[in-house]
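Enquirer: what's the 3D shape of this:
(one chain, ligands or ions: 1)
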Amino acid sequence: MTFPDIAVLRMRYLRGPNVWTYRPVIEAWVDLGTLEDYPSNTLPGFVERLTTWLPGMIEHRCGVGERGGFFERLQSGTWCGHIMEHVAIELQTLAGMQVGFGKARETSQRGVYRWSSAPAKKKWAAPVSWPPATWSWPPSTTPLST
Ligand SMILES: [Zn+2]
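Expert: Model (predicted):
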């Protein structure tokens, strides 16, 4: 499977109160293209590769409300617009930010999602060691496209 038609439509920093929250956020609009027809549980090996690449996402509670919640959502099937939100949060966390907010929403256009994330505090946390001990690049599994 290949998905050559994914497009980042817009990415911006919203400095003050906005449609997402009262805090500044990073907002992105993404067109998934044909990937819209493939939730996470339909992509062979995707969930395993993503959770291996970013194991810290086990802490993401997501809509489930408990540790491992996002991993449950991946296993049961969620859309890549939502996954992009969580990957952004995790990468920000690995960069030393304490991210305390994230949301993803569909738009009125099929396959187009917007997501946002925001740090929990105005100041960044102390940087974490990089790369984390459990992280490797590239992931040692097969690529997504087959
Ligand atoms: Zn979520």
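Enquirer: Now do the same for stretch 17-28: mean pLDDT, whole number.
Expert: Taken as a whole, stretch 17-28 has a mean pLDDT of 90.
Enquirer: any idea how far I58 is from T51?
Expert: Look at I58 and T51: by C-beta to C-beta, to the nearest Å, they are 8 Å apart. Using the backbone N, CA and C atoms, a C-beta is placed for each residue, glycine as well.
Enquirer: Phi first, then psi, for the residue lying closest to G16 once chain neighbours are set aside.
Expert: Of all residues not flanking G16 in the chain, P24 sits nearest, at 6.6 Å (C-beta to C-beta, 6 or more residues apart in numbering). Here is the backbone geometry of P24 (degrees, to the nearest 10): phi -60, psi 140.
Enquirer: P24: neighbour count?
Expert: P24 has 18 neighbours, counted by other C-beta atoms under 10 Å.
Enquirer: Report the contact partners of it.
Expert: Contact analysis of P24 by C-beta atoms under 8 Å, 6 or more residues apart in numbering lists 13-16, 18, 118-119.
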